[in-house]
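Trainee: when you get a sec, could you give me coordinates for this:
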Amino acid sequence: MCDPVSVGLGTAAAGGAKAIGDFQSGRAQTDAVNEARRRQYRDQLALNQFKYIKDVGVFNQARADLDAGLLESERALSKGLTAIQKQAAERAGASAFASQDRLAKSINASGSIASLPAGGSRDRIAAITKASFGRETALDMDNLLRGRFSDISTAQGLTDKANSFRRQLFGRMPAAPSMAPTPSAPVMQAGPSPFSLIAGLGGAALSGVSAGYGMAADLKTIG
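Mentor: Next up, the predicted model:
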């Protein structure tokens, strides 16, 4: 047969064990939640750093490709313009030789004409020779002018093509990388207060006392 003191102590012990168990379980659950939040925060920081380093690498490679493309475009344009200048120089040289040849022929023709008897025939031949010289000179100048206009048009076309290519290169450049905003620090969940444990233990003790007194009263009534 149990005495009131034993019953009271047993009840208090059981209540105290439950209060301690609940406190420890709540504390463990809170610690687990807070650790998960800290881990998520650290993972987000690491992910931001990884993404930034990756974006910097992509940007630097794109910049290197841009520089190489611009250099290639500049060389191609320079080569094209040099070819145009070379053709213009060759035309000018050919025109100069042709002009000297015409002049020599004109001088020879003038000498031959001067040896002819004076009269209408000589004057007519002189006029025809002079007109022929002027016509050939005019045609040569016209060809030079047409060639010059063609050179200007070709050079403008090469320049426009180079500019278009450069715009495409710049259009493929990604935006400059930037670090993602630092995530907000995790908000820690508050665990069970030690005062709740004290209150639980106090409640267990009070339940033990009540149980002991209750049993004593029952025994007194029976006795």
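
Trainee: where does S184 land in three-state SS?
Mentor: The three-state assignment at S184 reads coil, by DSSP: H, G, I helix; E, B strand; the rest coil.

Trainee: the helix or strand containing D67: what's the following helix or strand?
Mentor: Under DSSP states H and E, the secondary-structure element containing D67 is helix 4-114. Using DSSP H and E, the helix or strand that follows helix 4-114 in sequence is helix 120-171.

Trainee: elements contacting that following helix?
Mentor: Applying 3 or more Cβ pairs under 8 Å, 6 or more residues apart in numbering; DSSP states H and E, one finds that helix 120-171 makes contact with helix 4-114. To be clear about C-beta, it is placed using only N, CA and C from the backbone, and glycine gets the same treatment.

Trainee: pLDDT (mean, whole number) over the helix it packs on?
Mentor: Mean per-residue pLDDT for helix 4-114: 80.

Trainee: could you dump stretch 169-177 to PDB, C-alpha only?
Mentor: Coordinates of each C-alpha in stretch 169-177 appear next as PDB, following Å, rounded to 0.1, in the frame of the first residue of the first chain:
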ATOM      1  CA  LEU A 169      30.200  43.400 -81.300                       C
ATOM      2  CA  PHE A 170      29.200  45.900 -78.600                       C
ATOM      3  CA  GLY A 171      25.600  44.600 -78.800                       C
ATOM      4  CA  ARG A 172      26.800  41.200 -77.700                       C
ATOM      5  CA  MET A 173      28.600  42.500 -74.600                       C
ATOM      6  CA  PRO A 174      26.900  41.500 -71.400                       C
ATOM      7  CA  ALA A 175      26.200  44.000 -68.700                       C
ATOM      8  CA  ALA A 176      29.000  44.600 -66.200                       C
ATOM      9  CA  PRO A 177      28.800  42.100 -63.400                       C
END
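
Trainee: how about residues contacting that stretch?
Mentor: Defining contact as Cβ atoms under 8 Å, 6 or more residues apart in numbering, one finds that stretch 169-177 is touched by Y52, D55, V56, V58, F59, A62, R63, D65, L66, G69, L70, S73.

Trainee: which members of the residues you listed are the farthest-apart pair?
Mentor: By the measure Cβ to Cβ, Y52 and S73 form the most distant pair in those, at 31.1 Å.
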